[in-house]
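S.K.: The sequence isn't on hand, but the structure is:
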């Protein structure tokens with residue numbers, strides 16, 4: 001399984017990609033945060049995904065059973081129970097605006113500022129990222145399909161939750177103090193979103209357990225030299241234990257725990 005996350009396109013710690021050489025780490029494209037994993041069911045998308053601003057009974061879906069349900073959950077308007085826009089509006093109020101999603105296929109570059117800046121399809125293959133240059137979340141449809149094949153539809157959902165967490169941290173002015181802390185904070189907020197989705201009946205408890213396993217598998221091992229990598233390095237992500245623990249803390253505890261993780265100079269998540 002290969003996993004990749006790109007760091008923010010503006011070379012700041014506002015978002016990072018998932019990379020794996022046995023784990024997950026941030027990518028190298030300046031200006032975006034991303035993630036990549038294998039597996040998948042079919043996903044749709046030949047255009048940017050957006051969500052309407054007000055919920056109606058017909059606009060809210062049910063339990064996530066396939067990748068199309070994932071796309072629905074991330075696009076549902078504020079007011080739909082368990083929807084990601086509902087969660088982030090609750091965290092940030094009207095500062096949270098409907099995100100713009102940019103799907104693309106492997107072999108292409110996303111039609112956003114990060115894609116235009118890097119213009120190398122290899123960087124974006126099997127990936128997902130938050131681009132700080134134009135406030136977009138791009139993802140490889142092939143990557144989401146791979147993820148779903150490996151762990152079911154909530155695997156791609158958790159990756160997108162991670163990317164939206166980078167956006168929420170940026171909008172709320174709650175960026176991690178170093179890259180590793182920022183990434184672990186995003187994992188924690190992915191757990192927070194998963195908890196809210198579970199409480200609304202959108203995902204099962206077993207899905208949340210799978211989420212901890214996913215982030216553990218994406219942990220940054222770096223071939224054994226993890227201890228030599230500074231927490232502020234552009235590619236720094238948490239260890240397998242840190243990533244799984246951050247997701248679990250987000251699921252079980254409040255947002256203040258995630259913000260505390262973001263303040264760790266070493267990226268540690270133990271309290």
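M.R.: Great, that's in hand. Please read all numbers here as calculations on a predicted model, not as lab measurements. Numbers count the residues shown, from 1 in each chain.
S.K.: what sits against the residue nearest to residue 70 when sequence neighbours are not counted?
M.R.: Excluding its sequence neighbours, the residue lying closest to residue 70 (Cβ to Cβ, 6 or more residues apart in numbering) is residue 157, at 4.6 Å. C-beta: built from backbone N, CA, C; applies to glycine. Contact analysis of residue 157 by Cβ atoms under 8 Å, 6 or more residues apart in numbering lists 64, 70, 73-74, 197, 203.
S.K.: Same question for residue 185.
M.R.: Residue 185 makes contact with 165, 169, 174, 176, 246, 258-259, 261-262, according to Cβ under 8 Å, 6+ apart.
S.K.: And residue 254, by the same measure?
M.R.: By Cβ under 8 Å, 6+ apart, the neighbours of residue 254 are residue 192.
S.K.: Now do the strands in the stretch 51-200 of the chain.
M.R.: 100-104, 128-131, 136-140 (DSSP state E, counting those that start in this stretch).
S.K.: Check those for me and report the most buried one.
M.R.: strand 128-131 (a mean of 35; mean count of other Cβ atoms under 10 Å).
S.K.: In contact with residue 264, which residues?
M.R.: So residue 264 contacts 176-178, 180-181, 184 (Cβ under 8 Å, 6+ apart).
S.K.: so which pair among these is furthest apart in space?
M.R.: Pairwise distances across the contacts of residue 264 peak at 11.2 Å for 177 and 184 (criterion: Cβ to Cβ).
S.K.: Now, the contacts of residue 264 that are in helices?
M.R.: Of the contacts of residue 264, the ones assigned to helices by DSSP state H are 180-181, 184.
S.K.: export those to JSON lines and tack on distance to residue 252 and pLDDT?
M.R.: As requested, these are exported to JSON lines (distance: Cβ to Cβ, whole Å; pLDDT from 0 to 100):
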{"residue": "180", "distance to residue 252": "21", "pLDDT": "93"}
{"residue": "181", "distance to residue 252": "19", "pLDDT": "95"}
{"residue": "184", "distance to residue 252": "15", "pLDDT": "96"}
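S.K.: what's the neighbour count on residue 93?
M.R.: 9 (other Cβ atoms under 10 Å).
S.K.: what do you get for residue 92?
M.R.: 16.
S.K.: mind checking how far the closest residue to it other than its chain neighbours is from residue 208?
M.R.: Nearest residue to residue 92, sequence neighbours excluded (Cβ to Cβ, 6+ apart): residue 172, at 5.2 Å. For residue 172, the distance to residue 208 equals 24 Å [Cβ to Cβ, to the nearest Å].
S.K.: All good on my end, thank you.
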